[in-house]
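**Student:** Would you be able to build a 3D model of this:
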Amino acid sequence: MPKKKALIITGNLVQDHEFIYPFYRLLEDGFEVDTCINEGKEVMGILGTKIPPNKDAKIKLIDDCMVEDYDILIIPGGVKSMEKVRQNKKIIEFISKFDKADKTIGCICSGAQLLISAKVVNNRKISGYYSMIDDLINAGAKYEDKPSVIDKNIITTAHYKDLGPWMGSVLKVFYSKK
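**Tutor:** Numbers count the residues shown, from 1 in each chain. Here you go, the predicted structure:
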């Protein structure tokens, strides 16, 4: 049986909870987890955690990542992180291709900025941090504020308080495609 693989895309000042919970939850479920860090090296979360927190974690640049190598893409938030990460056109292109391949995408909080930039929210149910409601609606999304919002292959949540239900939905969507 082929190894399940996940990729988490992030950058400096990511919201620590939003990286750490899915990172370890995916490992717990048997996934090999790579971290694509915009800066290409270990960074700090907004609360001071080293990202990635596991010294054995694989750090990659987006140039080293191919859509076909991954089953799940996770986009944690952290507004200061996302405003920089979304400027990396290769990351935005990767997200768009991941969506076109109908692979599972889990996105938290201000990570929705990357979904907007990747132009994958139009006419889809999407959640994101409350300060982005207008941005999501203006990009064509149907905004929903629920612990877990599922629209085909994209699963979103507005806040890390809902990481449990959200991550449960991410895995449920992934396994339903198998």
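
**Student:** helices and strands of this protein: which one bottoms out on pLDDT?
**Tutor:** Across the helices and strands of the chain, mean pLDDT, DSSP states H and E gives its lowest value to strand 58-60, namely a mean of 91.

**Student:** Whichever helix or strand comes after that one: how far from the chain's middle?
**Tutor:** Past strand 58-60, further along toward the C-terminus, the next helix or strand under DSSP states H and E is strand 72-75. Distance of strand 72-75 from its chain centroid, counting by C-alpha atoms, centre = their mean, to the nearest Å, is 4 Å.

**Student:** Given strand 72-75, what are its sheet partners and their directions?
**Tutor:** strand 5-10 (parallel), strand 104-108 (parallel) (DSSP bridges).

**Student:** For that strand, what does the pLDDT average out to?
**Tutor:** For strand 72-75, mean pLDDT rounds to 98.

**Student:** Can you name the element that comes right after it?
**Tutor:** Per DSSP H and E, the first helix or strand lying C-terminal to strand 72-75 is helix 79-85.

**Student:** For the helix or strand just after that following helix, buried residues please.
**Tutor:** With elements assigned by DSSP H and E, the helix or strand that comes after helix 79-85 is helix 89-100. By 16 or more other C-beta atoms under 10 Å, the buried positions in helix 89-100 come out as 91-92, 94-96, 98-99. The way it works is simple: take the backbone N, C-alpha and C, and place the C-beta from them, glycine included.

**Student:** Spatially central residue in the chain, please.
**Tutor:** I75 (1.4 Å; C-alpha atoms, centre = their mean).

**Student:** Now that one: closest residue in space, sequence neighbours ignored.
**Tutor:** G111 (3.7 Å; C-beta to C-beta, 6 or more residues apart in numbering).

**Student:** The one you found: neighbour count?
**Tutor:** Applying other C-beta atoms under 10 Å, we find 31 residues neighbouring G111.

**Student:** check contacts around it.
**Tutor:** By C-beta atoms under 8 Å, 6 or more residues apart in numbering, the contact list for G111 reads 18, 75-77, 82, 128.

**Student:** before we move on, back to that, what about the residue nearest to the centre of the chain, distance to D56?
**Tutor:** Distance, I75 to D56, by C-beta to C-beta, to the nearest Å: 22 Å.

**Student:** again, but for D151
**Tutor:** Applying C-beta to C-beta to D151 and D56 gives a distance of 34 Å.

**Student:** Kindly report the same for H17.
**Tutor:** Distance from H17 to D56, by C-beta to C-beta: 21 Å.

**Student:** For the protein, give me the ranges with low pLDDT.
**Tutor:** 1-2 (pLDDT under 70).

**Student:** Before I go, just wanted to say thanks for your time.
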